[in-house]
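J.: curious how this folds, go ahead:
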Amino acid sequence: MIATIDKAPEEVDQFQRRALIVGVIGVALCAIGAIFNLNQFFRSYLLAYLFWVGITLGCFAILMLQHMSGGAWGLVIRRLLESATRTFPLLAVLFLPVAIGVRSVYLWAQPDHSGASEALKQALAHKALYLNVPFFLARAVFYFAVWIGITYFLNKWSLEQDRTGHRPITSKLQGLSGPGLVLYGLTVTFASIDWIMSLEPQWFSTIYGILVMGGQGLSAMAFIIAVVVLLFQYKPLSEVIKPSHLHDLGKLMLAFLMLWAYFSFSQFLIIWSGNLPEEIPWYVRRLQSSWKWVGLALVVLQFALPFVLLLSRDLKRNSRRLVVVAVSVIVMRFVDLIWLTGPEFNEGAFRIHWMDVVMVLGLGGLWLAFFAYQLKARPLLPIGDPQIEQLMAHRGSH
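T.: Sure thing, here's the model as predicted:
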């Protein structure tokens with residue numbers, strides 16, 4: 001039985017090669033674009049980087065949630081989640097262009113604060129102890145050290161569980177996942193302040209970190225569903241995954257969708273009702289220009305439409321329909337990042353540069369190729385988990 005589930009399908013090799021080609025071409029085109037517009041290159045790079053690191057961090061959090069909660073839904077996606085978390089070393093390397101271009105992207109990192117008003121210069125002076133380049137880079141090193149460290153032990157012990165099947169390892173995984181989720185929350189909160197919120201250093205929101213975490217969970221869940229449906233066509237997952245598993249994953253995506261919507265509306269309601277001069281301009285800039293249509297698209301296409309569709313039990317059990325919703329959510333997550341970052345660079349009107357699209361495809365190709373490489377390294381199912389026998393006993397029963 002175990003021998004039938006210890007290899008990824010050959011199609012993963014083909015996907016890896018194609019993703020790598022797309023990645024190399026996309027990054028090469030943007031490198032050429034950097035010759036003509038270096039500032040735009042760094043802005044587009046940050047946007048693409050935030051998108052893919054968000055998916056990875058979401059998978060990281062869901063993996064720890066699965067260890068804490070258990071359940072068949074987690075067994076069928078655990079290897080996918082673990083493969084995504086093992087891309088953290090690649091993302092650490094890919095952070096270098098963000099570090100190099102920090103002064104081209106962040107106003108607070110510019111020595112003379114060119115173009116800043118007097119009020120903004122005073123705000124930057126008060127925040128200089130935190131918002132400075134050396135401390136910014138040191139914090140990034142700390143974030144990746146925490147993420148890579150926790151990931152190392154989660155993957156190491158999971159592999160040991162495959163080899164031995166010892167139940168005490170399950171307790172070790174649970175014991176690490178609890179504090180790991182706390183560290184995830186703290187590091188992502190500060191990383192979201194550093195990498196996104198500080199684009200407008202005079203503005204702040206106390207719920208921003210939670211909002212970003214909700215978006216990461218939604219992105220990761222949509223991505224995992226898309227991969228599951230892709231692999232669902234081939235053995236071994238075709239022999240294991242049932243409509244009930246897809247139903248569970250669809251319900252989880254609905255839950256993350258509702259969390260993201262709740263956090264987004266809460267931030268809007270609190271800031272708008274407070275009407276404080278240091279907070280309200282963030283929304284004014286987005287609602288009194290053509291950026292308002294992007295916000296409307298997010299309300300309709302990232303929340304309302306997927307919410308209504310995911311209420312259907314039949315849709316969540318239909319792989320083709322479910323993956324369409326998942327892919328649309330992934331696309332809108334990218335639009336959401338444009339909404340969060342774009343007005344800081346294009347205040348007057350909505351604008352998207354060709355490098356914004358090509359860069360997210362380029363970095364995505366590299367990330368997906370590395371993800372596929374990691375996916376091939378281990379069995380597609382956690383064959384040493386104590387619950388695997390129960391899962392395999394019901395395989396093929398759809």
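J.: which parts of the stretch 101-250 of the chain are helices?
T.: 102-105, 118-126, 133-164, 167-195, 208-231, 237-240, 243-274 (DSSP state H, counting those that start in this stretch).
J.: most tightly packed of those helices?
T.: helix 208-231 (a mean of 24; mean count of other Cβ atoms under 10 Å). To be clear about C-beta, it is placed using only N, CA and C from the backbone, and glycine gets the same treatment.
J.: and the average pLDDT for it is what?
T.: Throughout helix 208-231, pLDDT has a mean value of 96.
J.: how near is residue 331 to residue 298?
T.: Distance, residue 331 to residue 298, using Cβ to Cβ, to the nearest Å: 11 Å.
J.: ok, those two, which is more surrounded?
T.: Using other Cβ atoms under 10 Å, the more surrounded residue of residue 331 and residue 298 is residue 298, with 20 against 13.
J.: once you drop chain neighbours, what's closest to that one?
T.: The shortest distance from residue 298 to any residue other than its chain neighbours is 5.7 Å, reached at residue 336 (Cβ to Cβ, 6 or more residues apart in numbering).
J.: the helix or strand that contains that neighbour packs against which elements?
T.: Using DSSP states H and E, the element containing residue 336 is helix 319-341. Secondary-structure packing of helix 319-341 (3 or more Cβ pairs under 8 Å, 6 or more residues apart in numbering; DSSP states H and E): helix 38-69, helix 208-231, helix 243-274, helix 291-297, helix 305-310, helix 313-316.
J.: could those be laid out in TSV, adding distance to residue 178?
T.: Listed next are the helices and strands packed on helix 319-341 as TSV, based on distance: least, Cβ to Cβ, whole Å:
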stretch	distance to residue 178
helix 38-69	6
helix 208-231	16
helix 243-274	20
helix 291-297	37
helix 305-310	29
helix 313-316	29
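J.: out of those, which comes closest to residue 386?
T.: Among those, the nearest to residue 386 by Cβ to Cβ is helix 38-69 (12.6 Å).
J.: I'd like the next helix or strand past that closest one.
T.: Sequence-wise, the next helix or strand downstream of helix 38-69 (DSSP H and E) is helix 72-75.
J.: residue 171: which of the helices and strands packed on helix 319-341 is closest?
T.: For the helices and strands packed on helix 319-341, the distance to residue 171 is smallest for helix 38-69, at 10.0 Å, taking Cβ to Cβ.
J.: what residues sit buried inside the closest one?
T.: Neighbour-count burial for helix 38-69, counted by 16 or more other Cβ atoms under 10 Å, picks out 40-67.
J.: neighbours around the nearest residue to residue 351 once chain neighbours are set aside, how many?
T.: Leaving aside its sequence neighbours, residue 351 sits nearest to residue 342 (Cβ to Cβ, 6+ apart; 7.4 Å). Neighbour count for residue 342, taken as other Cβ under 10 Å: 22.
J.: distance of residue 342 relative to residue 336?
T.: Taking Cβ to Cβ, one finds residue 342 at 11 Å from residue 336.
J.: picking up where we left off before, in CSV: the helices of the stretch 101-250 of the chain, plus distance to residue 73.
T.: CSV is the format used below for these (distance: least, Cβ to Cβ, whole Å):
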stretch, distance to residue 73
helix 102-105, 39
helix 118-126, 46
helix 133-164, 17
helix 167-195, 16
helix 208-231, 10
helix 237-240, 12
helix 243-274, 4
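J.: show residues contacting stretch 46-56.
T.: 84-85, 87-88, 91, 94-95, 97-98, 101, 105, 195-196, 212, 215-216, 219-220, 223, 333-334, 337-338, 341, 356, 359-360, 362-364, 367 (Cβ atoms under 8 Å, 6 or more residues apart in numbering).
J.: which residues does residue 364 contact?
T.: Contacts of residue 364 (Cβ under 8 Å, 6+ apart): 19, 22-23, 26, 48, 51-52.
J.: and those residues, which is closest to residue 371?
T.: For the contacts of residue 364, the residue nearest residue 371 by Cβ to Cβ is residue 19; the value is 8.2 Å.
J.: I figured the closest one hits residue 369, correct?
T.: Yes: between residue 19 and residue 369 a contact is recorded at 4.2 Å, counting by Cβ atoms under 8 Å.
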